[in-house]
Every structure is written in structure tokens, then in C-alpha cells.
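**Q** Take this sequence and fold it.
(chains A and B)
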Amino acid sequence: MPELASPARAVPALTIEDLTYSYPNTTRPALSDVSLTLGAGEFALLAGRSACGKSTLLRAACGLVPHFHGGEIEGSVNVAGIDAIATGPGELAAVVGYVAQDPETQIVSTTVAAEIALPLELRGESPTSRARAVEEVALALAIPHLLDRTVDTLSGGELQRVALAAALVTRPQLVLLDEPTSQLDPVAGDELIWLLRRLNEEWGVTVLLAEHRLERCLAAADRVVAVESGSIAFDGAPRDFLTWAQDADPALETPAARMFSMAGIEPLPTGVRDARRTLASTDPLTEGRRTPSERLVLFGPTASQRDAPLPAKKLREEGVRLPSTPTLSVNDLWVELGQGDTPRDVIRGIDLRIEDGERVALMGRNGAGKSTVLRTIAGLVEPVRGKVEVPGGIALLSQNPGDYLVRERVGDELLGELGIAALRIVGMEQAIDRDPRDLSGGERQRLALAIALAGRMDGDELPGLVALDEPTRGMDRARKQDLTELVAELAERGAGVVVATHDVEFAAAFAERVVLLGDGVVIADGAAAEVLSGGWYFATEVARILDLPGIVTPEQGAAALETDSG
Amino acid sequence: MRSPFAYTPRPGPLQTASPGAAVAYLGAFVVVSFLYSSPVVLAAVGAGVLLAGTSAGARAALGAALRMGLTLALLIVAVNALVVDRGETVLARLGEWPLLGRVDVTGEAIAAGATIGLRATVAMVAFAVYSACVDPDRVLRALRPLAGRSALTATLISRLVPVAAADAARLRDAGRLRGPGAAPLGRATLARRLLAGSLDRAVDVAATLELRGYGLEPSTSSLGSSRSTSDSPGGCVDCRSRYDTRFYAVATTILVAAVAGKLLGADGFSTYPTVEMAVTSTTVAVSAVAILAGIAPWRRQPQRATRPHQAAGAAPPEAPNA
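**A** Numbering: from 1, shown residues only, chains lettered A, B, ... in the order given. Got it, this is the predicted structure:
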């Protein structure tokens, strides 16, 4: 019996042909000769390094390019049969929804219900159909309880869901998402990806998702499109993408694929379940249901585990004497935020001690209190109780490095030799005459850190505490590696370094200790390998696959697998 | 951190009332405060607004508005006392001042300043209650059919003002976090950076509005919509509330009482050349109306027992074929 296809679904959701586009006042095209067709109901992942053209491609698919951004464009873009270059984003709003990286910038109403209803209201939908559509999309995204809230009371994850609801409420055929999980904790990020998968399967919505954290969404995707310098470098199935990335751009490999590749195991896995299945068929490591401790006894700790430095807390517990004056000492810290009728304790009796040269990841879900702890240590928030001591001072880089950059020349941001020394530490002394606006995202972050560090050095030494708040938002793996090296260098110069982050893979790479916060209290504090292998959400992909205590990075995982096969 | 003036959804009568009813109700207090100079009536109007705000659950907004209003009132009193030399009761002779000339502080000038300050405080408190209790989205929705472009501007402003305030707070924090070897952040630099950031934000919000279809004509853009014949496209499901009649009735009562009182001499107050105040029964009556108006809309109506099965403890009647 022939398959019945509705006329609307027979048309591809997105057809791009020979698209070349340059932003105004630029010489190099952001997109070059791009051709791409997305069939109705596909879930495609857009991969690529920072500034490779992923966002521009999404903007072209929703009409913002060229209608909003201007510039020169050649080729054609069709969304569900509508010419996106001839029509504007307003006309395309009926068939395409767009969700940007920062939910703050895509909310225009005061209440959640009004925000979701706005696209329908602007299209002249009746009040009753608006009310029904809002109710249905809220149910689909599990946010009916948010409808009466004002948007300024929502967390980042809630705000991102509201933005997604506003994009979906018109029941578009195509949804475009630009790194929607970059500001979300692992829990909210995973939920969002599987929510998209469910919408894709149940509503038939075509999804084009740009992401850096591929390990989070590769398993949900039907297809991967890799963009490199404005051109499509790969277009195929997720497993084929991993094989391609192995040689073409290892920075795009997922941790699981890297582990398999280092251990010489084929095929490369697209996710945790895939990896477990492959290992179960080839490897006694995951055979049966041995407990982690049984397996550790069976296979023993790896060399990297044995050589990993013990965090200061553990050393203290083991009776090793540490310097009497730590870099940071926090005792019984209580912080209350909110005003008027609803103040609440955001931090509830935290104790924290960080030594010179220690690298600590401060983790926890959105709203757990990570940023508040750092802001309190830096003196931006007054605690209601407790004591904070930072004898060597603190240099805090907040979530928005751009807030530190207020002048038009790098050199004007800093004073004399002290400024030059700070630029040298972050490797930016060659950029002294450049305009901060012309710097890349990573360079801007380094410059902001130099501004926070300026004048706090003692020769080449860096006493005191360096704190970074969510520094990996929107970063590709190559830039995260640069940041890992910078953190190591700061610690080598004597600074205690604490980084508030959601990024478990980054934490596994840079930290020797992880402090996990939950609702304003410390719920775990120990060696990074120990904490990041002891849970589900705050665990690396390798830890979730192998479930072995202390095995969190691809290198450790590959070593464990090789030990086993050897 | 949330502004105390930010709208907070609550299931109260003022929050669920239509924007027109809420504006009429709170606006009536402001109109009376500008109609009268009598401190008795002004104090009563202020008490009425405070009662209304308290009943609506806007205590944080009231507190903040009172602090700001009283500070402003003190400033007005001080300025009026220094720049106005009318009045017969000289309290202090401060000699010759540059620009101001001879400065004599009179009791009448202080009283006049206090009256203006009290009026300003009442207006600020009423606006604070409006800001905390009236959903700006519903106001904009009501305005949109009347003035689309103005509503667009208001939408942008209503979104950008709190965003700019948050940006300013973040930039100030970043300024405090600059190392001792970094160039200090002056006010002019901060303002310039804030302006540039606001322009970027405005571009982002404008892009979002474009994507939501703000520039479309409703008649040409309702693709795939399923409109019921009973619906009007410009209509609004939540534009009316069962409390609207109460707010309109109370607003009308205050205004009628105030105008009638004014005609009957309830505003017997003058400040120059000497302070004279006449508190008549009409003044007391207008003041009482103003105070009662602050609580009247929140009065619980007695439950009507029109259906026998709705009486307490009574079970609903069974279906005939059950």
C-alpha cells in the first residue's frame, strides 16, 4: 500500500542552495557556497568550532540574514516552500521557530503566558485559539506551572523552555536552536535535548540544533552537519561523523568516541547506551552487573588514577600538614538574597578552604548558589552570617567578560607595567593596540581576566585566589583546552583557582578537586575523579559508560579498557 | 535582584482586573490629590492608596515608594522654603545668598512645600501600586489596536528598562572587580558602555520581535489559524474581570464625591499670606470616602445561595437516569 504523505510534509523543511553570505563591512564571507536539504521530520545536529558559521546558517534559515543583519547574499534559502530571502522573518514565523543561545535576549513580555501567546496574537489568532495553543505547548514542554510567573523570576533553564515554547506555539515545521544548552546545567541540558527529540517524534517537527557539547545530543540526532570556515565539511549519520572527526577535526570528537578511538575499539559510539552495548559485546568490563568496587578490584586503578594529586581536603583528612594560611577560608557562610516579601537563604552554612595552587571546580545545578558563593567571596554580596578570608585578595571573572571591557584600546584598559604584566600572564601582550571589540571570544575572556588580575601579582608569582564564573559558555573544545592550560598556569604561579561550571568534561580536565553544591549547601567535596564518577548527571560521559570509580577522562577510560584487554 | 516595583502576578482583585478598571481606580486617587490642597484630604487620599496597595499585596512597592516619596517631599519643602519668600510668619532670616538673594524662611512656604510634597508622594505611591499590580502585557495588548507603533515602542521600553537596570548593576560590579592595576571605571565611561550595551540589547529584542511576527498585518498573516466565529481577532480573553465593576464604581464614587466636595467648599486651605485651613463636615466626608475607597473593592461579597445544592454540606442532585 503506498504511503500517504500530506502535501505540506512532502516539501523539504529547509532547502539551501549555493548560499554565500557576507556580513556588512566584512571582506570574508561568513557562509560560502553552502547547500543543504533537511527533510520533514529530521533531527539534525549542526557541529563546528566557534565562529565557523553555524549561527549565521541558522539566521539565514529564519530570515534574519539578510533581512535584519544586512550584508550581501547569493543563492537561495527555502523554508517549507517559502523563499526566505524574498520574504522576511515575520512572514517565516509561521513555519520556522528560532531559539537563540541567550534566553535573556529573546524574551519581550513580562509574564510567561503573554510571552508564549505573543506570536499568535501578532498573527491575529483569536483569543480562544491562543489560549488553547498556549495551554498545549505549555503541557508539551512541562511548564504549565510557569504560565502565571513573570519572566524575571525564572531560572536560565526555565527561561530557555519559555523561549522554546514561544518558538513552538505556532506549530512551525522547522525549529532552529543555537546552542540552547550552553547556559544550562547537565540536568536541564539533557532534559531539553530529550524534549526536542520527543517533539520531533510526536509532533514531526524538523529540528536543526547547533551545539558544542556534542556528547549531550549526538545520540538524539538522525544526522550531523559539520561546518568549517563557512562551508559544509561533513553531512551524514552520527557514527560516520565521529569517524570523520577522528581525522578531520579531533576537537569535535565526543569523549566516548575519543576513549574508544584511543583504546582501538570499533565502532565509535554515539552515546552512553551505544558505548555500553559495544563494550558489553566485546569486553568483560561491563559484563554482568558487577558493582563498581568489584570492578575496581578486578581491574585495579589505572596509572593516571594512581598518579592523580590528592586534593588538599583529603590530605588534611589524612593528617598531612598544610600551610596554616590558606588562599581562601570560608566558615559557616550564610547568604540571603531577594527582597521585599520573599527573601530566602541562598547559601546555608558553607565551609570551604582552598590552598595555594589548588584547582577547584565549583559545581551544581542552576540556582544551587555557585555564583553567589563567588560573589560573596569577592565582596559583591554581604553575607548575613559567617566569615570569609582571602588574605591574598581575589580576582573574579564574572559570567560576562564583556562587562570588563569599556574602552576602545586594550592598552587603555590597563595601567603601566602592572597592566603589561597581567597581559603577559594571559598571553595577550601582543594585542595591546587592538580594539577589544575586534578580539575573538576567547581573547576577550583573557583580556577581562587580565583586567581582574592587574596589580595583584607579586613579580611572576600570583598570590591569592583566581575565580572564574561559568567561563566555558559557548566555547568549543579547542578553546576549552586553552582555558585548561591557562588555569594550570595560574595555579603553577601560586594562585588557588576556583571555577564555577556546569561543564563536567571541562571540570574533569582542569580540576583536582570538585565541590558540588545543592540548594546552598555542599553535598560533595573530594577529588575530581571521585566526585565526577560517583553520580549520573554530574558525571562525565566516560564515567557514565564505564561506571568505574575514579575513571572520568577519555585517557583514563582508554587506559582502563587497555588494561582489561591486555 | 527584582525591583520592588516589578509586576508580581497574584490572584487578587486588582491584579485580575482589566487594565482600564485598575487605571481608573488608581487614577481617581491621583486626580483627587491634584484637585485638593487640603492636607486632611491629601492625607486621607494617601491612606486610601496605602490601604489599596496593602490589600493588593504590594507592601514592598509601597515601602519603596514611601521612602522615595518622603525623600522627594523633604527636598521640595527645603527648596520651597529657600526660594519662596512669601508668607508672614518668618521663622529664620538667612541673609543674602548667591543667586537667591535675600533668603527668609517662612512657615507658609514650608507648609506650601509640604502640601506639594504630600501630593507628589500620593502620586508616587499610586504609581507604585499600579506598577506592582497591573500586568504591563495586558496594558500593551489593550493599547495595540489603538496605537500599534506606540505599543511597539512601549513594548521595547518595558523590556529594555529592567534589562538596562540589570546591565548597569552588572557593569558596576565588574567595575568593582577590576584589579588595582586596571584603569578605573569612571561614570562617563560606565554611561557610555551602558548606552552601547543598551543599543545592542535593543537590536536583540527587535530581532526577537521580528521573529515573532511583530511587523505583520494580522489579516494577512493568520496562516493555518482556526478561528471560531464567535471570536473577535482583536478581542482578549483576559481583558475583563468580575471585579471591574467594583473598581469602576469606586473610582466614580471618589471622583463624584471629590468634585461635589470641592464645589461645597471641602478644600478650605490656603498657604499665603498666612496658613488657613477649614475642616468642614464636607472635608471629613470626602476624606472618609477616600479612605474607604482604599478597601471597598476588596470587600467580600456575601455568598448567594441561588441553587439549593450549593448550600454547605448538601450533595448535588443525582442525574435522573442514575
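**Q** Report the buried residues of stretch A:490-499.
**A** Taking 16 or more other CB atoms under 10 Å in any protein chain shown as the neighbour-count basis, stretch A:490-499 is seen to contain the buried residues A:Leu490, A:Ala491, A:Arg493, A:Gly494, A:Ala495, A:Gly496, A:Val497, A:Val498, A:Val499. Heads up, the C-betas are built off the backbone N, CA and C, glycines and all.
**Q** Looking at those, which is nearest chain B?
**A** Proximity of those to chain B was ranked by CB to the nearest CB; the top entry is A:Ala495 with 12.8 Å.
**Q** what's the farthest-apart pair in the buried residues of stretch A:490-499?
**A** A:Gly494 and A:Val499 (16.8 Å; CB to CB).
**Q** Restricted to strands, list the buried residues of stretch A:490-499.
**A** Of the positions in the buried residues of stretch A:490-499, A:Gly496, A:Val497, A:Val498, A:Val499 sit in strands, assigned by DSSP state E.
**Q** Which entries in the residues you listed are shared with the contacts of chain B?
**A** When these are checked against chain B using CB under 8 Å from any CB of the partner chain, none falls in range.
**Q** Relative to A:Glu266, which of those is nearest.
**A** Out of these, the one with the shortest distance to A:Glu266 is A:Val499. That distance is 35.2 Å, counting by CB to CB.
**Q** A:Ala509 is in contact with the closest one, correct?
**A** No. With contact defined as CB atoms under 8 Å, A:Val499 and A:Ala509 do not form a contacting pair (10.8 Å).
**Q** Geometrically speaking, which residue is the centre of chain A?
**A** For chain A, the residue lying nearest the average C-alpha position, counting by CA atoms, centre = their mean, turns out to be A:Ser182 (3.3 Å).
**Q** which residues touch that residue?
**A** Contacts for A:Ser182 (CB atoms under 8 Å, 6 or more residues apart in numbering or on different chains) come out as A:Gln101, A:His212, A:Arg213, A:Arg473, A:Gly474.
**Q** My reading is that A:Ser261 lies in a helix. Confirm?
**A** Yes. Following the definition DSSP: H, G, I helix; E, B strand; the rest coil, A:Ser261 is counted among the residues of a helix.
**Q** Settle this for me: it is touching A:Ala275, isn't it.
**A** No. With contacts counted by CB under 8 Å, A:Ser261 stays clear of A:Ala275, the gap being 11.8 Å.
**Q** Roughly how far does the closest residue to B:Ala43 other than its chain neighbours sit from B:Ser3?
**A** Closest residue to B:Ala43 apart from its sequence neighbours, by CB to CB, 6 or more residues apart in numbering or on different chains: B:Leu118 at 7.0 Å. Counting by CB to CB, to the nearest Å, the separation of B:Leu118 from B:Ser3 is 24 Å.
**Q** and if you look at B:Ala191?
**A** With distances defined as CB to CB, the gap from B:Ala191 to B:Ser3 amounts to 20 Å.
**Q** Settle it for me: which of those two has more neighbours?
**A** For B:Ala191 versus B:Ser3, neighbours defined as other CB atoms under 10 Å in any protein chain shown are more numerous around B:Ser3 (18 against 12).
**Q** The more buried one falls within a strand, correct?
**A** No. Secondary structure assignment (three-state DSSP) places B:Ser3 in coil, not in a strand.
**Q** Quick check, it in contact with B:Val163.
**A** No. B:Ser3 lies out of contact with B:Val163 (CB under 8 Å); the separation is 11.9 Å.
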